[in-house]
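A.B. asks: Pasted the sequence and its predicted model underneath.
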Amino acid sequence: MKIAYLDGSSGISGDMFLAALIDAGLAPMRLLEELKKIPLGFYEFKRTVAMRRGIAGSRIEIRDPGQHQARHLSHIEKLIGDSTLGDPVKERSLKIFRRLGEAEAKLHNQPIEKVHFHEVGALDTILDVVGACAGLELLEISELISSPLNVGGGHVEAAHGTLPVPAPATAELLKDIPIYSSGVEGELVTPTGAAIVTTLASGFGPMPAMKVGRIGYGAGEKDFPRHPNIARLFVGERVEIEQARPQPGAESEE
């Protein structure tokens, strides 16, 4: 089994995480086979290469020709629960959406059953979440670790109007997680990205000692001036660093 380290210096979104997994070796056709286990109808899954400040990364776009549909948490849970996905993928996906639901319920002072998902209830978000969980499983990644997350700054337009960055739902999900802003004007961490990473990561901090086999680059939608909007995912094996020990019989000099 392998470990993965996420470089969140450009933040993270659901599509960036999924793109980084694919760029790190996840076969798109194998991923699509898993995603088709959820009965979501027709959609277009497109992978391209995008340049962000001179760095090439995979870009994932999921296009839904149907009308945007807001869903309750119970609807999403039923879609995933009734699917033929493996139990580990189901459990992780449901846990991510439950965290999203709890954050929205707290912010809107509503029972979780009454919360309508807008952006996070869309088809592409469901596929981003399930794809992230399925992708880690397919790549046999047993542990995810993340750096502190760069959240960006300024304001973002959402279903409820103009919101400060990080958006309230994102801020709620990032409680007790190390975050910072490098001064970039824009939303670098989305609610979906925050929910995926904070649910799946075992810890946040510097890169652990590891032997890196693959590096995946997931490009974000926007191309910021002087800021490469790229999520990097290092995939490899954990290694132990041996501490220097005095040789037997060696005497210390006074």
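C.D. replies: Structure's in. What do you need?
A.B. asks: can we go C-alpha only for contacts and neighbour counts from here?
C.D. replies: Will do.
A.B. asks: Count the neighbours of His75 for me.
C.D. replies: Burial of His75 is recorded as 12 neighbouring residues (other C-alpha atoms under 10 Å).
A.B. asks: correct me, but Met207 touches Tyr5?
C.D. replies: Yes: counting by C-alpha atoms under 8 Å, Met207 does reach Tyr5; the two are 6.5 Å apart.
A.B. asks: hey, what's in contact with both of these two?
C.D. replies: When contacts are counted by C-alpha atoms under 8 Å, 6 or more residues apart in numbering, Met207 and Tyr5 are jointly contacted by 145-147.
A.B. asks: nearest to Ala195, of those residues?
C.D. replies: Ser146 (12.9 Å; C-alpha to C-alpha).
A.B. asks: List the buried residues for the helix or strand encompassing His75?
C.D. replies: In the assignment (DSSP states H and E), His75 maps to helix 73-81. Residues of helix 73-81 classed as buried by neighbour count (16 or more other C-alpha atoms under 10 Å): 73-74, 76-77, 80-81.
A.B. asks: which pair in these spans the largest distance?
C.D. replies: Leu73 and Gly81 (11.8 Å).
A.B. asks: Format the buried residues of helix 73-81 as a markdown table; extra columns: distance to Pro65 and pLDDT.
C.D. replies: Formatted as a markdown table, the buried residues of helix 73-81 follow (distance: C-alpha to C-alpha, whole Å; pLDDT from 0 to 100):
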| residue | distance to Pro65 | pLDDT |
| --- | --- | --- |
| Leu73 | 22 | 87 |
| Ser74 | 23 | 88 |
| Ile76 | 19 | 91 |
| Glu77 | 23 | 93 |
| Ile80 | 21 | 96 |
| Gly81 | 24 | 95 |
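A.B. asks: who's in contact with Phe224?
C.D. replies: For Phe224, the residues meeting the contact criterion (C-alpha under 8 Å, 6+ apart) are 52-53, 184.
A.B. asks: Of these, grab the buried ones for ChimeraX.
C.D. replies: Buried residues within these, by 16+ other C-alpha under 10 Å, are selected in ChimeraX with:
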select :52,184
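A.B. asks: re earlier: tabulate the buried residues of helix 73-81 (a markdown table), appending distance to Pro28.
C.D. replies: Written out in a markdown table, the entries for those read as follows (distance: C-alpha to C-alpha, whole Å):
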| residue | distance to Pro28 |
| --- | --- |
| Leu73 | 27 |
| Ser74 | 29 |
| Ile76 | 23 |
| Glu77 | 24 |
| Ile80 | 20 |
| Gly81 | 23 |
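A.B. asks: hang on, the earlier thing: now what about the helix holding His75, what contacts it?
C.D. replies: If you take C-alpha under 8 Å, 6+ apart as the criterion, helix 73-81 is touched by 38-39, 90, 93-94, 97-98, 101, 112-113, 115-117, 121, 126.
A.B. asks: Of those residues, which is the nearest to Arg30?
C.D. replies: Ile38 (14.2 Å).
A.B. asks: Identify the residue nearest Phe97 in space, chain neighbours excluded?
C.D. replies: Beyond its immediate neighbours in the sequence, the residue positioned closest to Phe97 (C-alpha to C-alpha, 6 or more residues apart in numbering) is Leu73, lying 7.3 Å away.
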